[in-house]
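Asks: sharing a model prediction with you, sequence too.
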Amino acid sequence: MPQTICALATPPGEGGIAVVRVSGPDTYPIVGKVFFPDRTGKSIEAAKGYTALLGHYYLRGVKMDETIALFFRAPHSYTGEDVIELSVHGGTAMADGLLEALYLAGAHPAGPGEFTRRALENGRMSLTQAEAVMEVISADGRQGAALARSALDGSLAKTISGIQAALRTLSAHITAWVDYPEEDVPELSEGELTLTLTEQLNALDKLIDSYGAGAVLRHGVDCVLLGRPNVGKSTLLNLLAGFDRSIVTPIAGTTRDVVEQAVMLGDTGIRLNLFDTAGVRESGADAAEDEGIRRSWAKLEEAGLVLAVFDLGEELNGEDMEIARRCQGRPALAILNKEDLAGEGEKIQEASAALAPYFKAVLALSAKDPASLMPLCNAVAELLGTAKLDPNAAALCNARQLAAARDARDAIRQALDSQRDGFGLDAAAVCLDDAQRALARLTGEDITESTLDEVFSTFCVGK
Ligand code: GDP
């Protein structure tokens, strides 16, 4: 029999109210020892699900805070168990007192994610939905939350179960045909097999391909600003941040450090974790500056987005081209800054042509002009793939799911290869089994206790 657990369900700290959630078989008797309704004749034992009562809670016989109790009856609750949510005044003092009273009455402190784990074990949600709960809690930005929500609504589970159903049908057909040749099972046509497998492969590819963009929307992207001194990196940073974050000066080399700052990029829903760079120069007499440059190069390796800035007021030089070369193959955007100084279009075209081979895209703008923000936002959203991401489509929401989806995709690919290379249907059947096992891992149908422990250990207590 599971224990009855309780935890603070709202974030600790200042706030209007704090909610403590209690779940388990003894929820009602335990809360009955702690919470007393203000109106006589009302009792907790008799409270129906989806109703509320106003009262007070007591700690060691002392009347404490005014409390609203919200009742849920199994199985119609978040966890599928009897649940009562108790709202007290915010700040931690009253909630702490209430938790202490509940412990004294026999409740146990909940572990990380224990409420959601119970919901999973009681069939109230799938593993992918449970993981989405975590994403909803941690997502920042509207679109990131919408993405996480769509998994919570089960659209990922639905997409996967569609793929599973198709693979199961194929497997059953192949098994019948291979194992019972004396029965009158029609042979699966090669065309039919290839078509169905290709459809499932495409569905998985779509999920896998959109993972990166989805992760950008949920967690933001580490962004590095690169460029020679004085090309306008600080000005660009200020354009992005919307206020004077870095000191902008016309003297070369004043931005020394890798400044970290997070900004929401216009209304793209993308959070940029920005690293301002020391002006990148070839030689430095100054040790502090060299260190800054070294760190900028190091950041370049791991950045999810590189904004390399060039100055249209000057000719591109060797240092510019070195920066360009280092950007090759990276998610890098070349920004031709000081468009206002470029005069007629020729200069822009020349610089674009020289830089284009090294970058995913090239954009000319004036960092000084606030109107430049919009085209910059569009270029970044395009580059990161978030522009064409449908926030309501099914999405994989963590690395565990991604790995399982990749395994399934690889197995389906092998099944297709086996047919193309003329191996028999039983070769395809083996691959299909692998694919189905990977998908079962993804949905949690085939998941080990230790993986579950790992998934839920990253949850916050109270969820
Ligand atoms: P950083 O060293 O790369 O950070 O460059 P700053 O942002 O400090 O800019 C260097 C100089 O270029 C400053 O005087 C800026 O005002 C100027 N600047 C930046 N952006 C523009 C622009 O779009 N047009 C013009 N004309 N000047 C700019």
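Replies: Received the coordinates, thanks. Numbering: from 1, shown residues only.

Asks: what segments of this protein are strands?
Replies: 5-8, 17-23, 35-37, 51-59, 62-72, 83-89, 108-109, 221-226, 259-265, 270-276, 305-311, 332-337, 361-364 (DSSP state E).

Asks: so which residues on the stretch 351-463 of the chain come close to the ligand?
Replies: Ser366, Ala367, Lys368 (C-beta under 6 Å from any ligand atom). Where you see a C-beta, it was placed from the backbone N, CA and C, and this is true even at glycine.

Asks: quick one, phi psi at the second one?
Replies: Translated: Ala367. phi -60, psi -20 (degrees, to the nearest 10).

Asks: ok, it - contacts?
Replies: By C-beta atoms under 8 Å, 6 or more residues apart in numbering, Ala367 lies in contact with Gly232, Thr235, Leu236, Asn238, Leu239, Val309, Ile335, Asn337, Lys338.

Asks: related to what we said a few turns ago, out of the strands of the chain, which gets the lowest mean score?
Replies: Lowest mean pLDDT within those: strand 259-265, a mean of 72.

Asks: nearest residue to Leu355 in space, please, no chain neighbours.
Replies: Leaving aside its chain neighbours, Leu355 sits nearest to Ala334 (4.6 Å; criterion: C-beta to C-beta, 6 or more residues apart in numbering).

Asks: which ones are touching the closest residue to the ligand within the stretch 301-450 of the chain?
Replies: Ranking the residues of the stretch 301-450 of the chain by distance to the ligand (C-beta to the nearest ligand atom) places Ser366 first, at 3.4 Å. Ser366 makes contact with Asn337, Lys338, Glu339, Asp340, Ser372 under the criterion C-beta under 8 Å, 6+ apart.

Asks: surely the third one is in contact with Ile348?
Replies: It refers to Glu339. Yes - using C-beta atoms under 8 Å, Glu339 is in contact with Ile348, at 7.0 Å.

Asks: any common contacting residues for the two?
Replies: Common neighbours of Glu339 and Ile348 (C-beta under 8 Å, 6+ apart) are Leu312, Ala364.

Asks: neighbour count: the two, which is higher?
Replies: Glu339 (20 against 16; other C-beta atoms under 10 Å).

Asks: residues contacting that one?
Replies: Leu312, Ile348, Ala364, Leu365, Ser366.

Asks: let's see that with 6 Å instead.
Replies: Leu312, Ala364, Leu365, Ser366 (C-beta atoms under 6 Å, 6 or more residues apart in numbering).

Asks: and these, which of them are in helices?
Replies: Using DSSP state H, the subset of the contacts of Glu339 located in helices is empty.

Asks: list just the nearest of those residues to Ala215.
Replies: Leu365 (27.1 Å; C-beta to C-beta).

Asks: can you tell me which residues contact that closest one?
Replies: Glu339, Ser372.

Asks: on the pLDDT front, check it for me.
Replies: 96.

Asks: over to it: give its phi and psi.
Replies: According to degrees, to the nearest 10, Leu365 has phi -160, psi 170.

Asks: helices along the stretch 251-400 of the chain, start to end?
Replies: Using DSSP state H, counting those that start in this stretch, the helices of the stretch 251-400 of the chain run over 287-302, 318-327, 346-355, 373-384, 399-420.

Asks: flag the shaky bits of the stretch 51-200 of the chain, pLDDT-wise.
Replies: Under the criterion pLDDT under 70, the flagged ranges of the stretch 51-200 of the chain are 138-153, 185.

Asks: relative to Leu239, how far out is Gly343?
Replies: As judged by C-beta to C-beta, to the nearest Å, Gly343 and Leu239 stand 22 Å apart.

Asks: more crowded one of the two?
Replies: Leu239 (20 against 11).

Asks: enumerate every residue touching that one.
Replies: Ala367, Leu373.

Asks: how close does it sit to Leu86?
Replies: 48 Å.

Asks: one more: Val20?
Replies: Applying C-beta to C-beta to Val20 and Leu86 gives a distance of 5 Å.

Asks: and Lys347, by the same measure?
Replies: 68 Å.

Asks: now do Ile208
Replies: Applying C-beta to C-beta to Ile208 and Leu86 gives a distance of 43 Å.

Asks: of those two, who's got more company?
Replies: In this view Ile208 and Leu86 are compared by other C-beta under 10 Å, and Leu86 has more residues nearby, 26 against 16.

Asks: okay, now Pro186: neighbour count?
Replies: With other C-beta under 10 Å as criterion, Pro186 counts 8.

Asks: mind listing what the residue nearest to Leu305 when sequence neighbours are not counted touches?
Replies: The shortest distance from Leu305 to any non-neighbouring residue, by C-beta to C-beta, 6+ apart, is to Cys223 (4.3 Å). Cys223 makes contacts with Leu272, Leu274, Leu305, as judged by C-beta under 6 Å, 6+ apart.

Asks: rerun at 10 Å
Replies: 240, 261-263, 265, 270-276, 299, 303-307, 331, 333, 380, 384 (C-beta atoms under 10 Å, 6 or more residues apart in numbering).

Asks: ok, now Met321?
Replies: By C-beta under 10 Å, 6+ apart, the neighbours of Met321 are Phe310, Ala354, Leu355, Tyr358.

Asks: am I right that Ile208 is in contact with Arg413?
Replies: No - contact criterion C-beta atoms under 10 Å: Ile208 and Arg413 do not qualify, at 11.9 Å.

Asks: narrow the contacts of Met321 to those that are buried.
Replies: Phe310, Ala354, Leu355, Tyr358 (16 or more other C-beta atoms under 10 Å).

Asks: with distance to Asp38 added, can I get these in CSV?
Replies: As requested, those are exported to CSV (distance: C-beta to C-beta, whole Å):
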residue, distance to Asp38
Phe310, 70
Ala354, 77
Leu355, 72
Tyr358, 71
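
Asks: in those, find the pair that's most separated.
Replies: Phe310 and Tyr358 (11.1 Å).

Asks: overlap in contacts, these two.
Replies: Going by C-beta under 10 Å, 6+ apart, residues that sit against Phe310 and also against Tyr358 are Met321, Ile323, Ala324, Ala334.

Asks: if we can go back for a sec, and the contacts of Ser366, which of them are buried?
Replies: So, by 16+ other C-beta under 10 Å, the buried ones in the contacts of Ser366 are Asn337, Lys338, Glu339, Ser372.

Asks: so for Val380, what's the nearest residue that isn't a sequence neighbour?
Replies: Val380 sits nearest to Leu265 (C-beta to C-beta, 6+ apart), 6.0 Å away.

Asks: my guess is the one you found meets Ala381, correct?
Replies: Yes - contact criterion C-beta under 10 Å: Leu265 and Ala381 qualify, at 7.8 Å.

Asks: so where's the stretch 251-400 of the chain uncertain?
Replies: 251-261, 275-296.

Asks: rerun at 90
Replies: Along the stretch 251-400 of the chain, segments meeting pLDDT under 90 span 251-304, 342-347, 385-400.

Asks: perfect, that will be all.
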